[in-house]
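>>> the amino acid sequence is not available; the structure is as follows:
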């Protein structure tokens, strides 16, 4: 008996106010059609997230989705390590990314599962590196440097 093996690029979820509207699996090339129910309020933003199981950082964006047919092309890209850096992925939601290595240091961001970091320094159970954060307002990525506990990440 032969087993059919299918490969998928990732999982796409669309939510509104914490409620899951739809969830689909993209094919191995990343293509899929996402159907969103029409019984939602059009004026409220929906949140789309794409999880590629570590191939790329988890992508999330909120936007107004109009009625009818619309098309959205999403370009995903890897975090490229510089010389001396290694790529780590966050393994749990709300992982604190701090300004300094101290426990009382200011939290810059709470990172989500699947985010990728380029780590360049290790100090005990703390790792120093940079993370790429997308600004919805400016529609572009920004890099921030900081510290994260090793228990919150794993080496890719």
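Cool, the structure landed. Bear in mind that the values here come from a model prediction, so they are computed numbers and not experimental data. Numbers count the residues shown, from 1 in each chain.

>>> where in this structure is pLDDT low?
Counting by pLDDT under 70, the chain contains low-confidence residues at 1-8, 38, 40-41.

>>> so residue 151 belongs to a strand, correct?
No. If the criterion is DSSP: H, G, I helix; E, B strand; the rest coil, then residue 151 is helix and not within a strand.

>>> how near is it to residue 126?
10 Å (Cβ to Cβ, to the nearest Å). C-beta coordinates here come from the backbone N, C-alpha and C atoms, glycine included.

>>> what sits against residue 80?
By Cβ atoms under 8 Å, 6 or more residues apart in numbering, the contact set of residue 80 is residue 118.

>>> make residue 1 into 58 and carry on from there
All right, first residue 58 from here; so that's residue 137.

>>> how close does it sit to residue 171?
According to Cβ to Cβ, residue 137 stands 17 Å off from residue 171.

>>> neighbour count: residue 208 and residue 183, which is higher?
Taking neighbours as other Cβ atoms under 10 Å, residue 208 and residue 183 compare with residue 183 leading, 17 against 10.

>>> isn't that one right next to residue 204, touching?
Yes. Residue 183 is within contact range of residue 204, at 5.3 Å (criterion: Cβ atoms under 8 Å).

>>> list residues touching both of these two?
In contact with both residue 183 and residue 204: residue 158, using Cβ under 8 Å, 6+ apart.
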